[in-house]
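In: model this:
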Amino acid sequence: MAKISMKPGTMLNPVPAVLVTCGDSLATNIITIAWTGIINSDPPMTYVSVRKSRYSHHLISESGEFVINLTTEELAKTTDFCGVKSGRDVNKALEMEISLTAADHVSCPMIEQSPVNLECKVVEVKEYPTHDMFIAEIVGVHAEEALFDEKGKLCLERAGLLCYSHGEYFGLKKEPLGKFGYSIMKAKTRKRINRERMETKKKAGYRYGKKRKKG
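Out: You can find the predicted model right below:
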């Protein structure tokens with residue numbers, strides 16, 4: 001396969017497209033973040049990288065808290081708006097009809113329309129030339145009830161999650177290409193898992209696939 005050599009750059013794609021809420025009841029903002037991820041399992045640790053010039057950088061630095069709100073295909077326009085507009089100039093929640101609700105463990109609010117919310121407390125800040133990396137512990141998680149099957153398993157494929165790749169937003173495929181370990185799975189086990197997946201789909205009726213209120 002022929003390849004073309006390029007200069008070093010941020011070519012890791014796709015990446016998440018999440019809405020990060022920060023601040024408190026007096027000053028709240030929502031910023032779109034693509035540079036985020038998981039960095040430890042136990043305790044669960046994550047990070048967001050934010051430019052020093054951003055309004056949210058000041059809010060997170062002051063409070064040491066933020067909430068990562070996962071986004072969906074229906075939140076694509078909201079996600080884009082919150083990434084191109086500054087909280088210094090506009091109330092993003094008001095403009096995009098975003099419903100904010102109180103979190104359990106942090107002072108900043110969560111986004112009601114988001115299917116999954118991760119409450120985070122900053123434990124360390126790493127400074128880099130263009131961005132500062134806020135490393136945080138995930139201290140609370142909230143997931144929409146409709147995402148759980150009858151056995152209590154979280155089925156994120158129902159959410160229609162959003163990702164970002166090279167300047168564009170994409171919806172994730174609802175059908176998985178494989179399950180963890182499927183490359184070495186016995187045919188009998190694979191067949192059983194596929195059967196269980198089909199039964200779950202029929203019972204759930206993909207309720208979450210229906211149109212939801214836009215943010």
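
In: residues contacting residue 101?
Out: 109, 110, 111, 112 (Cβ atoms under 8 Å, 6 or more residues apart in numbering). C-beta here means a position set from N, CA and C on the backbone, and glycine is covered the same way.

In: try 10 Å this time
Out: 109, 110, 111, 112, 114, 117, 142 (Cβ atoms under 10 Å, 6 or more residues apart in numbering).

In: how about residue 90?
Out: If you count contacts by Cβ under 10 Å, 6+ apart, then residue 90 has 29, 81, 82, 96 around it.

In: which residues of the protein score low on pLDDT?
Out: Scanning the chain for pLDDT under 70 picks out 174, 200-215.

In: just the strands in it please.
Out: Per DSSP state E, the chain carries strands over the ranges 15-16, 18-23, 28-33, 36-40, 45-51, 65-69, 100-101, 110-111, 116-127, 131-143, 162-165, 168-171.

In: what comes up buried for the fifth one?
Out: Meaning strand 45-51. If you call a residue buried by 16 or more other Cβ atoms under 10 Å, then strand 45-51 has these buried ones: 45, 46, 47, 48, 49, 50.

In: any idea how far the first one lies from residue 144?
Out: Taking Cβ to Cβ, to the nearest Å as the criterion, residue 45 is separated from residue 144 by 24 Å.

In: do the last one as well
Out: Counting by Cβ to Cβ, the gap between residue 50 and residue 144 amounts to 26 Å.

In: name the nearest residue to the residue nearest the centre of the chain, sequence neighbours excluded.
Out: Centroid check for the chain by Cα atoms, centre = their mean gives residue 70 as the closest residue, at 2.8 Å. What sits nearest to residue 70 in space, not counting adjacent residues and going by Cβ to Cβ, 6 or more residues apart in numbering, is residue 116, at 4.3 Å.

In: do residue 156 as well
Out: residue 147 (6.5 Å).

In: same question for residue 102.
Out: The nearest residue in space to residue 102 (Cβ to Cβ, 6+ apart) is residue 109, at 6.1 Å.

In: is it true that that neighbour touches residue 27?
Out: No. Here residue 109 does not reach residue 27: they are 11.6 Å apart, not a contact under Cβ atoms under 10 Å.

In: more crowded one of the two?
Out: Higher neighbour count among residue 109 and residue 27: residue 109, with 23 against 14, using other Cβ atoms under 10 Å.

In: next up, the contacts around residue 95.
Out: Going by Cβ under 10 Å, 6+ apart, the list of residues near residue 95 reads 78, 81, 82, 85.

In: just give the number of residues close to the third one.
Out: It refers to residue 82. Residue 82 has 29 nearby residues by other Cβ under 10 Å.

In: repeat for the last one
Out: Around residue 85 sit 17 other residues, with neighbours defined as other Cβ under 10 Å.

In: quick check: it touching residue 92?
Out: Yes. Look at residue 85 against residue 92 with Cβ under 10 Å: they come within range, at 6.2 Å.

In: any common contacting residues for the two?
Out: 30, 31, 32.

In: any chance of the residues you listed in CSV, plus distance to residue 5?
Out: Formatted as CSV, the shared contacts of residue 85 and residue 92 follow (distance: Cβ to Cβ, whole Å):
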residue, distance to residue 5
30, 39
31, 34
32, 31
